[in-house]
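**Q** With the input below, show me the fold.
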Amino acid sequence: MVQQEDAAWSRFESVIESLSEEQIVEAGYYPDDGWSVKDLIGHIGSWMAEAACMLERIRFGTYQPDTRATDDLNKEFYEANRDLPLDVVRAECASARIRILQELDALPEVTTDALEWFEESAAKHCAEHQPRLDEWATHLRSRSSAGEGPAPAGGGGAASG
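**A** Now for the predicted structure:
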């Protein structure tokens, strides 16, 4: 489980590291919503932070299933991160990843709820976004090297979670 998360995170990070700051903040990752790779980083980090809180609640025996709508949380997370500088968003995402791993490790037993929160917010979540990230990064890098213009339309809509 942790090895899968580490592999997914490494792949996710390696693509982001291949981009310049200008490319990371350029809208087009989700063209319909104006998302950039920075917004994706904030999205992934927010879900990992949320999962870390849930794992902490599981550890202390105070966990209650979350009934909030995923789309509402996605909007809330986007709003919270969209005006933050890139370095802050990246630091918060890295911190959230460390925290989710720490909370998982602190559990006396990995329950079904804990496993679901961890997997859905970390490895599976990065993997869910990886194909579009790969596509968008490839476009950005090729456009940069060729001196081309604006990004192509397409690439889907808002993230599901």
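
**Q** could you pull out the helices for this structure?
**A** 2-17, 21-25, 37-60, 70-81, 86-106, 112-121, 123-146 (DSSP state H).

**Q** Quick one: closest of those to residue 31.
**A** helix 123-146 (9.3 Å; CB to CB). C-beta here means a position set from N, CA and C on the backbone, and glycine is covered the same way.

**Q** Tell me which other helices or strands that closest one touches.
**A** Other helices and strands packing on helix 123-146, by 3 or more CB pairs under 8 Å, 6 or more residues apart in numbering; DSSP states H and E, are helix 2-17, helix 21-25, helix 37-60.

**Q** so it versus helix 86-106, what angle?
**A** Angle of helix 123-146 versus helix 86-106, following axes from the mean of the first three to the mean of the last three CA atoms, to 10 degrees, is 150 degrees.

**Q** how much does helix 123-146 deviate in direction from helix 112-121?
**A** Put simply, helix 123-146 runs at 10 degrees to helix 112-121, going by the same axes, to 10 degrees.

**Q** Any buried residues in helix 123-146, and which?
**A** 123-129, 132-133, 136-137, 139-140, 143 (16 or more other CB atoms under 10 Å).
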